[in-house]
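>>> Here is my input; please provide its structure:
(2 chains)
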Amino acid sequence: MINTNNILETIHMIDEEDLDIRTITMGISLLDCADKDIDVACAKIKKKIMTLAKDLVKVGDDISKEYGIPIINKRISVTPISLLQSVSGGNCVKYALALDECAKALNVNFIGGYSALVQKGMTKGEKELIESIPEALKLTEHVCASVNVGSTRAGINMDAVELMGRIVHQAAEITKDQNCMGACKLVVFCNAVEDNPFMAGAFHGISEPEVVINVGVSGPGVVRSALAKAGKDKSMDELAEIIKKTAFKITRMGQLVGNLASERLNVPFGIVDLSLAPTPAIGDSVAYILEEMGLEQCGGPGTTACLAMLNDAVKKGGVMASSSIGGLSGAFIPVSEDAGMIAACKSQALKLEKLEAMTAVCSVGLDMIVVPGDTTPSTISGIIADEAAIGMVNSKTTAVRIIPAIGHDGEEELEFGGLLGSGPIMPISKVKCDVMIKRKGRIPAPLQSLKN
Amino acid sequence: MRAIISVVGKDRPGILAFVAKECADRNANIVEVSQTVLSEMFTMIMVCEVANEGFADFIDLLEQKGQQQGLSIHVMHEDIFNAMHKI
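Next up, the predicted model:
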């Protein structure tokens, strides 16, 4: 029989420490839906998604029930829509509306893939898609957009960086009466991964199969609790060992659920993305893990080192547990979704500059950060360029999901609700970078040797 | 399939009998039982064979009946524990 303590440990993790499967994401290729006529393409998209994903939510709920594991979200990611737009032309927002319709009918909470990969340059269709993002996000509820503006191999496309500064600004402006929600559903990437199941940055890459199931597991609460039990006198390497073991267990659960979902939906299993993704729930916070390691508050000296260790140990545990770890795997630090980060920002312990440093060692980037409404598009572009440079040079994924609080002067925070939480408005440097951003062009790809 | 039933609650006579009867009524065959009382808290882990069909209802019923008795009952598929705790 399985050890009683192990059984109780699992139950405790789920009941008390918010262990869950964050998402089962079905990736669907839409390449065969491309058509010269945009309306025909939209009809093909609807038919394909509605057929392939018709049982997704039901299967997720069934597994959740039978195995006693909460499965929070069921989601869909699709081929970057810019590829279809390049074929059809026309009003790109039609694609967003078609995707939103599918999401509503299937009862999935997000559908990702209103995306373009423009790290080297933009085609006409890609430019049209990017320019339509603000309107698409305003008119839809469940569609998520992402744009990849740089990579280690291609460098950074500064034309796209300049454009995205304006697009992020517009997405917030056009949804200012909905707490600037548009910008919450838009991610700007460097080195975007093709099999990420987490939103808002999920899309189904062109090297992926026809249809695939990817699973995102989470569990900051479990890791924090394991570290708390370890006490204050353990060395850092001993803590790393504890994190690895915990990550192993969490990942095994993800692997099990992924295999089950794949079997029941008759869709091949892709990857488990083991990301410590916080939620606004008390205790389900990455900042608290860092504080448990011995920081007075997240954001102070030592934060980057603790985060680096956490990120690495999580990956090591995950890799041992599953032969197909992928996606972003690591630790997320979305400010508005993490109670500890919010507290640290409010007490001024955590500043934007420190967050930027932290993104050099964690799995994504500046995520869910609310900045003042008077932040200019070129400042946003500057932040995107900085973040993309960190990703490009370090051969890792970085991202920016930043929300200018337009129309909310004098308020202290923006409330998004649900998993997106609420973000304190963070002060930002007023030093201008307009001239640099207007230069556009490209930042050449970095040298991959002589690394210092 | 095998299910693992965990029962936690304040100790009193008849808890084991109550859970066992519910299992018997649903034709679930009890394979193993491990039980302790720690500072007046009754903790029991039971492994039983149940049919695949109607498993979701079995979970609901047991958890609900447990609640009425002031017991915290979890019914989960055995595989989840095997996956998490065995290499």
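>>> quick one: contacts for A:T379?
The neighbourhood of A:T379, defined by Cβ atoms under 8 Å, 6 or more residues apart in numbering or on different chains, consists of A:G165, A:I428, A:S429, A:K432, A:C433. Every residue, glycine included, has its C-beta placed from N, CA and C.
>>> List buried residues within the residues you listed.
Listed as buried from the contacts of A:T379 are A:G165, A:I428, A:C433; burial here means 16 or more other Cβ atoms under 10 Å in any protein chain shown.
>>> ok, back up a step: quick one: which of the contacts of A:T379 is nearest chain B?
For the contacts of A:T379, the closest approach to chain B (Cβ to the nearest Cβ) belongs to A:I428, at 43.1 Å.
>>> Now name the helix or strand holding that closest one.
According to DSSP states H and E, A:I428 maps onto no helix or strand at all.
>>> now the residue nearest to A:D35 when sequence neighbours are not counted: how far from B:E63?
Nearest residue to A:D35, sequence neighbours excluded (Cβ to Cβ, 6 or more residues apart in numbering or on different chains): A:A41, at 4.0 Å. Taking Cβ to Cβ, to the nearest Å as the measure, A:A41 falls 47 Å from B:E63.
>>> Show me which of those two is the more surrounded one.
The neighbour count for A:A41 versus B:E63, taken as other Cβ atoms under 10 Å in any protein chain shown, is higher for A:A41 (23 against 16).
>>> give the contact list for that one.
Contacts of A:A41 (Cβ under 8 Å, 6+ apart): A:C33, A:A34, A:D35, A:L84, A:V87, A:S88, A:Y95.
>>> Counting neighbours, which of these end up buried?
Using 16+ other Cβ under 10 Å as the burial test, the contacts of A:A41 include A:C33, A:A34, A:D35, A:L84, A:S88, A:Y95 as buried.
>>> Run a quick neighbour tally on the residue of chain B found nearest chain A.
Residue of chain B nearest chain A, by Cβ to the nearest Cβ: B:M76 (3.7 Å). B:M76 sits with 20 neighbouring residues when counted by other Cβ under 10 Å.
>>> In contact with it: list those residues for me.
Residues counted as contacts of B:M76 (Cβ under 8 Å, 6+ apart) are A:T10, A:I11, A:Y67, A:G68, B:A3, B:I4, B:S6.
>>> Return the distance of the helix or strand hosting it from the chain's centre.
In the assignment (DSSP H and E), B:M76 maps to strand B:72-77. Here strand B:72-77 is found 6 Å from its chain centre; the criterion is Cα atoms, centre = their mean, to the nearest Å.
>>> Likewise for stretch A:298-308?
Its chain's C-alpha centre and that of stretch A:298-308 lie 21 Å apart, by Cα atoms, centre = their mean.
>>> next one: stretch A:241-261
19 Å.
>>> any idea of the angle the helix ranked longest in chain B forms with strand B:72-77?
What stands out as the longest helix in chain B, according to DSSP state H, is helix B:55-68. Angle of helix B:55-68 versus strand B:72-77, following axes from the mean of the first three to the mean of the last three Cα atoms, to 10 degrees, is 170 degrees.
>>> Show me what helix B:55-68 is packed against.
Applying 3 or more Cβ pairs under 8 Å, 6 or more residues apart in numbering or on different chains; DSSP states H and E, one finds that helix B:55-68 makes contact with helix A:56-67, strand B:2-10, helix B:15-25, strand B:72-77.
>>> Might you report the residue contacts of residue 68?
All of this refers to chain A. A:I11, A:I14, B:I59, B:H74, B:V75, B:M76, B:H77, B:I80.
>>> a markdown table for those residues, including distance to A:M199 and pLDDT?
As requested, these are exported to a markdown table (distance: Cβ to Cβ, whole Å; pLDDT from 0 to 100):
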| residue | distance to A:M199 | pLDDT |
| --- | --- | --- |
| A:I11 | 29 | 87 |
| A:I14 | 23 | 87 |
| B:I59 | 30 | 91 |
| B:H74 | 30 | 91 |
| B:V75 | 32 | 92 |
| B:M76 | 28 | 91 |
| B:H77 | 28 | 92 |
| B:I80 | 26 | 90 |
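>>> Most neighbours among these, which one?
B:V75 (25 neighbours).
>>> Tell me how many other residues crowd residue 66.
I'll assume chain A. Neighbours of A:E66 (other Cβ under 10 Å): 21.
>>> actually it's chain B I care about, not the one you picked
By other Cβ under 10 Å, the residues close to B:G66 number 22.
>>> Deepest in the core, which of the helices and strands packed on helix B:55-68 is it.
strand B:72-77 (a mean of 21; mean count of other Cβ atoms under 10 Å in any protein chain shown).
>>> Could you figure out how far it is turned away from helix A:56-67?
Interaxial angle of strand B:72-77 relative to helix A:56-67 (the same axes, to 10 degrees): 120 degrees.
>>> Can you list the strands that strand B:72-77 pairs with?
Sheet partners assigned to strand B:72-77 using DSSP bridges are listed as strand B:2-10 (antiparallel).
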